[in-house]
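Enquirer: predicted model and sequence follow; I will ask about them next.
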Amino acid sequence: MAIRIFNQHARIIAASTALAIIAVAPGHASAQGLFGQITKRVKQAVQSEVTKKAEKETRKATRCVLGEADCAAQQRQRNSRSANGSTASADLTSGPSALISPYPGSVEQSREYQDYTDYPRVIGMDRSRHAETQVLEGALTRLLYSNPKGRSTLELIRNYRNALEARGFKVDYEVPNAKSWILNIREANGMIAYGTDVRYFTGKLRYNDGTAYVSILVYREASGFGRTNIHILQTNEMDAGMVGVDPSAMAAELERSGEVNLKGVFFDTGRATLRPESSAELDTVASLMASQPQLTMKIVGHTDSTGSMANNQALSLRRAGAVRDALIARGVDGQRLHAIGMGSRDPIASNATDEGRAQNRRVMLVRQ
């Protein structure tokens, strides 16, 4: 399109310039000299027009990066037309990516959208500085921005977090200022991080009829250059840790299989400290126990195979005990609860992968 416009301008300018030169050219001017003057004038005029057009397109592109409304509307129209053609293009000006506006002055480097895929959300870092992940499935948006000059990683990360928390966002895990960041972060979830000034958080919020899991990583290198990674995974189901699990659904699972995996119970890495986001799941268990006064339960802790058998056994028992204590604090009779630690002896997935190890770290309720 731009080439056609430039060619049209060139033809018009060439004709106008030629007429003007012929009208004022002296009678004794040679044809060769006249042709040279015409060629020179045309080149100058076309170059000026091209420069103006390029500057206009550059200003337009900058406004688009900064989120100008009319530019976003035009982009939606282009995406809609493209979706009806042979090469469909995802509309990233709406949907999950609309949850977050880039910090003013940030410049978009890349974006990627997938309608449905699996995504390993980083929710911790083990002792060997490798990522602990939670595998989710849904629509995934990945955004990468260059940070504006003069803005610290603290300022950037706080602005993103405050904006999300104003919409009900709950943080699951954060790294306030990492000097030694996760070694395999790029292999784990595709995020880019260099340097020693790294900040990261991940969490969730309600979005339409489902849950949006948002992970943001900001880093800065010694030279001052830095980027912001934003990953958004949208599911069609409301997360149990946000709205709680129906006690009747938990009772039905116990009736069907005799056990329940407490997926909404979370611990600090390598510890038996329950994280705050575990409250909803624990409340549900307490409600279930209150509704069935004769029910007694084994609380069984499991770990992955990282570390020694003795340490894993002790850790799994402490975690089961922490869940028991939390339920007693919610009014459940302690004599109805029996804490057991299995260590790494009963895996449900391969310990050779991050995803498998994440599944093996769990607490189960088993009906007695």
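Expert: Yep, it's here.
Enquirer: which parts of the stretch 201-350 of the chain are helices?
Expert: 240-243, 247-257, 279-291, 309-329 (DSSP state H, counting those that start in this stretch).
Enquirer: any chance of those helices in TSV, plus mean pLDDT, mean neighbour count and distance to F267?
Expert: All C-beta atoms are positioned from the backbone trio N, CA, C, and that covers glycine. Converted to TSV, the helices of the stretch 201-350 of the chain look like this (pLDDT from 0 to 100; neighbours: other C-beta atoms under 10 Å; distance: least, C-beta to C-beta, whole Å):
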stretch	mean pLDDT	mean neighbour count	distance to F267
helix 240-243	44	16	14
helix 247-257	81	14	20
helix 279-291	88	19	12
helix 309-329	95	19	6
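Enquirer: quick one: closest of those to M125.
Expert: Across the helices of the stretch 201-350 of the chain, M125 has its closest neighbour in helix 309-329 (16.5 Å, C-beta to C-beta).
Enquirer: ok, the residue positioned nearest the centre of the chain to N147 distance?
Expert: Of all residues in the chain, the one closest to the mean position by C-alpha atoms, centre = their mean is H231, 1.3 Å from it. From H231 across to N147, the span is 17 Å (C-beta to C-beta, to the nearest Å).
Enquirer: okay, now the unreliable bits of the protein?
Expert: 1-98, 237-246 (pLDDT under 70).
Enquirer: which parts of it are strands?
Expert: Along the chain, counting by DSSP state E, strands occupy 107-125, 131-146, 170-178, 197-207, 210-220, 226-235, 259-261, 297-302, 337-341, 362-367.
Enquirer: dump the fifth one to CSV, keeping only the CA atoms.
Expert: Just to be clear, that refers to strand 210-220. The C-alpha trace of strand 210-220 is given here as CSV (Å, rounded to 0.1, in the frame of the first residue of the first chain):
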residue,chain,number,x,y,z
GLY,A,210,-13.1,-18.1,34.6
THR,A,211,-9.7,-17.3,36.1
ALA,A,212,-6.8,-15.3,34.7
TYR,A,213,-3.4,-16.3,36.0
VAL,A,214,-0.9,-13.5,35.6
SER,A,215,2.9,-13.8,35.9
ILE,A,216,5.1,-10.7,35.6
LEU,A,217,8.9,-10.5,35.6
VAL,A,218,10.9,-7.3,35.4
TYR,A,219,14.7,-7.2,35.2
ARG,A,220,17.4,-4.6,34.6
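Enquirer: report the inter-axis angle for it versus strand 226-235.
Expert: Per axes from the mean of the first three to the mean of the last three C-alpha atoms, to 10 degrees, the angle that strand 210-220 makes with strand 226-235 is 170 degrees.
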